[in-house]
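Colleague: using only what follows, build the 3D model:
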Amino acid sequence: MARNPKTSFSCANCGNRSPKWLGRCPACGSWNSFREEAPPTPAAASGWPALGGDNAPEARPLSTVSGIGVATATTGIAEFDRVLGGGIVPGAVILIGGDPGIGKSTLLLQAAANISRRERPVLYVTGEESPAQVKLRAARLDIEGEHIHLLTATAVPDIVAPIDTLRPAAMIIDSIQTMHAPGNASPPGSLNQIRLVTAHLTREAKTRDLPIFLIGHVTKDGAIAGPRVLEHMVDTVLYFETGTQDPFRLLRAVKNRYGATSEVGVFAMTGSGLQEVNNPSQIFITERPDSLPGSLATATMEGSRPIMIEIQGLVSASVSAGIPRRTILGIDKARAALMIAVMEKRLRLPLADKDVFLNVIGGLKVAEPAIDLAMVAALISSHGERPIPAATVVIGEVGLAGELRRIPQLAVRLREAAKFGFRRAIIPKKNLDPDEECNMNVAEITTIAELPDALYR
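Modeller: Numbers count the residues shown, from 1 in each chain. Got it, this is the predicted structure:
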């Protein structure tokens, strides 16, 4: 007698599987994250074709395959196209994640309106909202949507059925966690369902050259729910950053098979939808104080774009008897701890008993090491209560010995700083090519020991 398959349990945070329920995941350490998953029904019973058979694809020489080339369609939103790598590639599966209310549905509805203006239909599948709710958002965005077709469905066969009739230019799934595939008893949003639904939709996208946008929920840690299984199955992964209380939204590419990763699009949330910010440097340094200790400007690269940002540092006496506080916002915490340790060792700066705070103004998250020297300068300024001259920009990577390392695209960063009135730059020695024009007074240093003199020279 055949043995009936048993249900299993998987962690909703990391995907770790277990034959029984566990209170704490041994892989990622999360509590109460295990969900029961029923075994899938065989393909014949689900109504979906089984693997192999007469319809199985045939292998063919690579030389006979026609390439898709570059992006052939545009969303009509320049910042969105920048992050996508220039536009929409046929057959691409694009995942967009972000906190609730940050603007994922708004952005895609605006993109759908622009695509449909070329009299190409767009299929908008909503599994969370009713058509009336989507219509209400469209009215707020002043979108008529004559060629936007709404479909309220959560089952994959119902989603795929209208494609042959409509032949849409793009499909939007809002959201992937509400969809379910036939033949699987697991609840929508579970690991099995997300894997199966994404596999079905990816197959439709590739065979029909149909670009599909997926909206994904995020966990309380900010990662797309699913977890990494979903990100590995799609072509492009985009994250919305910045809290819903901040009017600015940052759309960042963390995976892109058709363009550069770490590209950032900047938007402002208004009453009429998301508006593009063509000059993000201006919004991040507009309100920078001129004569306050601990504040200075630096230039970071987000993809191919230089952006001026403000970094603020604060050093204060610790009021607690235990370990002093280290609060880091917008900067990698390990990198900031490294810079604090280098300052204590190389500059003999007593920070072990001080509370240290570092913040990137505007909600931008910066990961590149080119802001190391700016972090050090901000803490030196705050510790000594000496403001840094307002027209000075500080750029450089710092090593464990306190030495300064070369950074890429320095001339591009300095030209961006010069556009905003910065007249003096502190950079690593021999980093700037003598033939490159930057229209600034440049101070080159080799170690952070030279930084205090360079700041206040």
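Colleague: doesn't residue 411 make contact with residue 433?
Modeller: Yes - if you go by Cβ atoms under 8 Å, residue 433 and residue 411 touch, sitting 6.9 Å apart. All C-beta spots, glycine's among them, are computed from the backbone N, C-alpha and C.
Colleague: contacts only, for the closest residue to residue 262 other than its chain neighbours.
Modeller: Leaving aside its chain neighbours, residue 262 sits nearest to residue 303 (5.1 Å; criterion: Cβ to Cβ, 6 or more residues apart in numbering). The contact partners of residue 303, taken as Cβ atoms under 8 Å, 6 or more residues apart in numbering, are 82, 253, 260-264.
Colleague: cutoff 6 Å now
Modeller: 260, 262-263 (Cβ atoms under 6 Å, 6 or more residues apart in numbering).
Colleague: comparing residue 433 and residue 411, which shows the higher neighbour count?
Modeller: residue 411 (15 against 10; other Cβ atoms under 10 Å).
Colleague: once you drop chain neighbours, what's closest to the more buried one?
Modeller: Excluding the flanking residues, the one nearest residue 411 by Cβ to Cβ, 6+ apart is residue 436, at 4.1 Å.
Colleague: and that neighbour, what pLDDT?
Modeller: pLDDT, residue 436: 81.
Colleague: quick one: it and residue 27, what's the gap?
Modeller: Between residue 436 and residue 27 the computed distance is 49 Å (Cβ to Cβ, to the nearest Å).
Colleague: what segments of the stretch 51-200 of the chain are helices?
Modeller: 78-84, 104-116, 131-140, 156-160, 163-166, 191-208 (DSSP state H, counting those that start in this stretch).
Colleague: between these, which gets nearest to residue 12?
Modeller: Among the helices of the stretch 51-200 of the chain, the nearest to residue 12 by Cβ to Cβ is helix 191-208 (6.9 Å).
Colleague: distance from the chain centre to the closest one, please.
Modeller: 22 Å (Cα atoms, centre = their mean, to the nearest Å).
Colleague: how about that helix: buried residues?
Modeller: The neighbour-count check on helix 191-208 (16 or more other Cβ atoms under 10 Å) flags 191-198, 200-202, 204-205, 208 as buried.
Colleague: if we only consider these, which is nearest to residue 181?
Modeller: Taking the buried residues of helix 191-208 together and measuring to residue 181 by Cβ to Cβ, the closest member is residue 196, at 3.8 Å.
Colleague: so residue 274 bridges to which residues?
Modeller: residue 269 (DSSP bridges).
Colleague: what does the pLDDT read for it?
Modeller: 93.
Colleague: can I assume it is in contact with residue 107?
Modeller: Yes - between residue 274 and residue 107 there is a contact under Cβ atoms under 6 Å: 5.4 Å.
Colleague: higher neighbour count, those two?
Modeller: Each of residue 274 and residue 107 has its neighbours counted (other Cβ under 10 Å); residue 107 has more, 27 against 24.
Colleague: so how far is residue 450 from the more buried one?
Modeller: Taking Cβ to Cβ, one finds residue 107 at 46 Å from residue 450.
Colleague: now swap in residue 147 and tell me
Modeller: 62 Å.
Colleague: with residue 328 instead?
Modeller: 25 Å.
Colleague: same question for residue 356.
Modeller: 22 Å.
Colleague: quick check, residue 306 in a helix?
Modeller: No - read with DSSP: H, G, I helix; E, B strand; the rest coil, residue 306 is strand and lies in no helix.
Colleague: beta-bridge partners for it, please?
Modeller: Beta-bridge partners of residue 306, as defined by DSSP bridges: residue 301.
Colleague: where does the chain dip in pLDDT?
Modeller: Across the chain, the ranges flagged by pLDDT under 70 are 1-6, 38-56, 67-72, 219-228, 243-246, 321.
Colleague: in terms of residue numbering, what are the domains of it?
Modeller: The chain breaks down into these domains under automatic domain parsing: 8-39, 71-278, 283-455.
Colleague: compare those domains and give me the one nearest residue 59.
Modeller: domain 71-278 (15.8 Å).
Colleague: next, the closest residue to residue 78 other than its chain neighbours: phi, psi?
Modeller: Excluding the flanking residues, the one nearest residue 78 by Cβ to Cβ, 6+ apart is residue 276, at 6.0 Å. Note on residue 276: its backbone torsions stand at phi -70, psi 140 [degrees, to the nearest 10].
Colleague: ok, now how distant is residue 276 from residue 300?
Modeller: 20 Å.
Colleague: repeat that for residue 335.
Modeller: Distance from residue 335 to residue 300, by Cβ to Cβ: 13 Å.
Colleague: which of the two has more neighbours?
Modeller: Legend: neighbour count by other Cβ under 10 Å for residue 335 and residue 300, higher for residue 300 (24 against 18).
Colleague: contacting residues around that one?
Modeller: 307, 309, 366.
Colleague: closest to residue 415 among these?
Modeller: For the contacts of residue 300, the minimum distance to residue 415 (Cβ to Cβ) is 12.8 Å, reached by residue 307.
Colleague: I figured the closest one was touching residue 281, is that so?
Modeller: Yes - using Cβ under 6 Å, residue 307 is in contact with residue 281, at 5.3 Å.
Colleague: more neighbours, those two?
Modeller: Using other Cβ under 10 Å as the criterion, residue 307 and residue 281 rank with residue 307 on top: 24 against 21.
Colleague: circling back: what distance do you get for the residue nearest to residue 262 to residue 165?
Modeller: For residue 303, the distance to residue 165 - Cβ to Cβ - is 39 Å.
Colleague: ok, residue 286 next?
Modeller: 50 Å.
Colleague: now swap in residue 119 and tell me
Modeller: Distance from residue 119 to residue 165, by Cβ to Cβ: 16 Å.
Colleague: repeat that for residue 446.
Modeller: 68 Å.
Colleague: show me which of these two is the more surrounded one.
Modeller: Remark: of residue 446 and residue 165, residue 446 carries more neighbours, 12 against 9, as counted by other Cβ under 10 Å.
Colleague: that one touches residue 429, doesn't it?
Modeller: Yes - using Cβ under 6 Å, residue 446 is in contact with residue 429, at 4.8 Å.
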